[in-house]
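[1] A predicted structure for the sequence below; I have some questions about it.
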Amino acid sequence: MVRPLLLVGQPLLAPLLPVLRADYDVLTLWDGPDAAALARVDALVWAGEFPLGAALVDAMPRLGLIACFTVGYDGVDLDLAHARGIAVAHAGAANADDVADHAIGLMIAHRRWIVGGDRHLRAGQWTIEAKTRTRSMGGARLGIVGMGAIGIAIAERAEAMKMRIGWWGPRDKPGLAWPRTESLAALARESDILAVAARADETNRGMINAAILDALGPDGLLVNVARGQLVDEVALVAALKAGRLGGAALDVFDPEPTDPARWADVPNVVLTPHTGGATQEAVARMLGMLRANLAAHFEGAPLPAPVA
């Protein structure tokens, strides 16, 4: 029996190879398969944040499925895939809870000065006279940009911490318990903390711009656990250096990995290297969803996590 042929797109997905090879024949893009090999590929396993060019898609005339190992799929041209009759799947909400945990952790780390306090203590700057006051989480106004699975999970956690929650997205969701603000700018003005949890595409690149940062203001905190491209980083750095924005806590950047020199002299930031959804448990769930999507496709069954 001829086994389906997969192409795995990025070296960071190499740990998946032993599992995938148990059920499929597998090629890797980084090994440079020739045109004849690409012409036999049935499904592509892809890390969804990486751009997928039309030339590669066109080189695989048998391609029937783009299976994103990741929850995000912003690097995939959905219009192109649909035009070619190619199904697209992703990991669903496999890491939503972990990303939400990380978002809350970033808020606490910045607002309660946990990272700064650690550095302060280690530098020998803790004295009886130098007592730093931080800000409570309870009662803080949290604005969430994007109310998908991650945004909802953030809101649920924030509610348990007695924060006041509002949100904004391009479409209303009447079933939600929290009020939708009329605009992103209004949400920023009404928030102490603005948490970005929206899905990224080319229509919302740089949506957190200088005007939104100014609306959030010198006491406001920006948290981004979505995609770096949603924030105008040049405007963000300028606002932080000028004191027009109180602080930022970031897990995602544009591009990635970010240049550490960019942040060397930027005040009031807490930074993590895109680890929000990268827990052992979430990765196991993502692998399970990838296998389920592949199996369903080759069995002719509905995909468990199709991209709408």
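    Nice, I can see it. Numbering: from 1, shown residues only.
[2] what segments of the stretch 51-200 of the chain are helices?
    Here the stretch 51-200 of the chain has its helices, by DSSP state H, counting those that start in this stretch, at 54-58, 78-83, 96-111, 114-122, 149-160, 184-189.
[3] what comes up buried for stretch 163-179?
    Neighbour-count burial for stretch 163-179 flags 163-169, 178 (criterion: 16 or more other Cβ atoms under 10 Å). The way it works is simple: take the backbone N, C-alpha and C, and place the C-beta from them, glycine included.
[4] mean confidence for the helix ranked longest in the chain?
    For the chain, the helix with the greatest residue count under DSSP state H is helix 280-299. Per-residue confidence for helix 280-299 averages out to 97 on the pLDDT scale.
[5] just checking, what packs against that helix?
    Using 3 or more Cβ pairs under 8 Å, 6 or more residues apart in numbering; DSSP states H and E as the contact definition, the elements that helix 280-299 packs against are helix 17-21, strand 43-46, strand 65-68, strand 87-89, helix 96-111.
[6] how does it look with 7 Å?
    For helix 280-299, the contact count by 3 or more Cβ pairs under 7 Å, 6 or more residues apart in numbering; DSSP states H and E identifies strand 43-46, strand 65-68 as packing neighbours.
[7] any chance of those in JSON lines, plus mean pLDDT, mean neighbour count and distance to Ala83?
    Shown next, in JSON lines, are the helices and strands packed on helix 280-299 (pLDDT from 0 to 100; neighbours: other Cβ atoms under 10 Å; distance: least, Cβ to Cβ, whole Å):
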{"stretch": "strand 43-46", "mean pLDDT": "98", "mean neighbour count": "25", "distance to Ala83": "16"}
{"stretch": "strand 65-68", "mean pLDDT": "98", "mean neighbour count": "26", "distance to Ala83": "13"}
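[8] give me the low-pLDDT residue ranges for this structure?
    Low-confidence segments of the chain, defined by pLDDT under 70, span residues 308.
[9] try 50 this time
    Nowhere does the chain drop to pLDDT under 50.
[10] hmm, back to that, closest one to Thr70 among the helices of the stretch 51-200 of the chain?
    Taking Cβ to Cβ, helix 96-111 is the member of the helices of the stretch 51-200 of the chain nearest to Thr70, at 11.5 Å.
[11] what's in contact with that closest one?
    Contacts to helix 96-111, defined as Cβ atoms under 7 Å, 6 or more residues apart in numbering, come from residues 114-115, 134-135, 137, 149-150, 153-154, 157-158, 193, 195, 221, 223, 225, 247, 249, 251, 270, 276-277, 279, 282.
[12] circling back: same question for the longest helix of the chain: list its buried residues.
    Neighbour-count burial for helix 280-299, counted by 16+ other Cβ under 10 Å, picks out 282-283, 285-287, 289-294, 296-298.
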